[in-house]
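>>> I'd like to go over a predicted model; first the sequence, then the structure.
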Amino acid sequence: MDEFRFQITEEMEDERIDKCMSMLIDSLSRSYIQKLIKEEAVFVNNKPVKGSYKVKTDDEVVFCLPEAVEPDIAPENIPLDILYEDNDVIVINKPKGMVVHPAAGHYSGTLVNALMYHCGNSLSGINGCMRPGIVHRIDRDTTGSLIVCKNDKAHSCIAEQLKEHSINRRYWAICHGVLKEEDGIVNKPIGRHPTDRKKMAVNEKGKHAVTHYKVLKRFDKFTLIECVLETGRTHQIRVHMASIGHPLLGDEVYCTQKSPYKLQGQTLHAKILGFKHPSTGEYVEADAPLPEYFTHLLEIL
């Protein structure tokens, strides 16, 4: 258990204790500090205080950070749609609604739970016990190809290909509106939304992001497109297509237009995933068939 001890200086006089602590230790969030105070784990001059306490010069603040306890991630017998598998990697066709790895509120029913049952201990450990084998991810409501690594050598190799943008990733999506041009490029940086921290946005201070798209089929009010990622930013296709006025059908985060169809999230499918095999060096490509809801929607359109 880590103990923190510091003395209040004159400059901090009359600041709230929670604000003062967050200024001194930037690795802790304000909400986590407030939780510690509520649990009476923060002492000022040897006495627990409330969050509203205003510090005085020379106050001695002491608190301990409890040791982080990793939740027990259990193997679960969840069926997997396996597109490719060998001793180094496994490519999964992820269904809609499945979270890739455990996180707060999702410790079961994830792809990792299913992989731990299927692969046993044969998963890379580079990303820790919460994300064994996971080298990249796709959103909960995005379907399709996802590569998982069974050992650290394969993990390092695939991670390097992702970093170099040499992995062939092709997504199919249905967007609002009828695109006039046959293809195009969206080259706009993506970062956190300035006011909504749960969303991403085109942001000049964000990271370089490039999406290539081409029209596969036009409908009355929608367009089926294929998107190729040159970079891999969070929500990249969803943010980029919304930024040019063609948000994805069903996207409840980045689309302001209501879907006329009953959908669970965005119509986005990771169809093609091609990579250089970490052991043989040969090119391997997995093609995830479109999910039933997607093909049914195309028939309706």
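In hand now; what should we look at? Numbering: from 1, shown residues only.
>>> okay, CA-based contacts and neighbour counts for the rest of this
Fine.
>>> quick one: Asp14 and Lys54 touch, right?
Yes - in this structure Asp14 lies within contact range of Lys54 using C-alpha atoms under 8 Å: 4.8 Å.
>>> higher neighbour count, these two?
The residue with more neighbours, out of Asp14 and Lys54 and counting by other C-alpha atoms under 10 Å, is Lys54; that gives 16 against 13.
>>> what's the helix or strand for Val178?
Val178 belongs to no helix or strand when assigned by DSSP states H and E.
>>> from Tyr261, how far off is it?
Taken as C-alpha to C-alpha, to the nearest Å, the spacing of Val178 relative to Tyr261 amounts to 17 Å.
>>> so Thr211 sits in a strand?
Yes - checked against DSSP: H, G, I helix; E, B strand; the rest coil, Thr211 lies within a strand.
>>> what's the burial count for His176?
22.
>>> now that it has come up, it's in contact with Ile244, right?
No - counting by C-alpha under 8 Å, His176 does not reach Ile244; the two are 10.7 Å apart.
>>> OK, contacts around Asp72?
In this structure, Asp72 makes contact with no residue, judged by C-alpha atoms under 8 Å, 6 or more residues apart in numbering.
>>> number of nearby residues for Arg137?
For Arg137, the neighbour count with other C-alpha under 10 Å is 16.
>>> so for it, what's the pLDDT?
Looking at Arg137, its pLDDT stands at 90.
>>> same deal with Glu292?
According to the prediction, Glu292 has pLDDT 96.
>>> distance check, it against Ser52.
In this structure, Glu292 lies at 55 Å from Ser52, with C-alpha to C-alpha as the measure.
>>> between these two, point out the one with more neighbours.
Just comparing Glu292 and Ser52: by other C-alpha under 10 Å the higher neighbour count belongs to Ser52, 13 against 9.
>>> can you get me a residue count around the closest residue to that one other than its chain neighbours?
Nearest non-adjacent residue to Ser52, counting by C-alpha to C-alpha, 6 or more residues apart in numbering: Arg16, 5.7 Å away. The burial metric for Arg16, expressed as a neighbour count using other C-alpha under 10 Å, is 16.
>>> go ahead and confirm Arg16 touches Gly51.
Yes - when contacts are counted by C-alpha under 8 Å, Arg16 is listed as touching Gly51 (6.9 Å).
>>> thinking again about what came up before, higher neighbour count, Val178 and Tyr261?
Shown here are Val178 and Tyr261; by other C-alpha under 10 Å, Val178 has more neighbours (16 against 10).
>>> okay, now the unreliable bits of this protein?
Scanning the chain with the threshold set as pLDDT under 70 gives 1-2, 26-27, 29, 67-71, 104-105.
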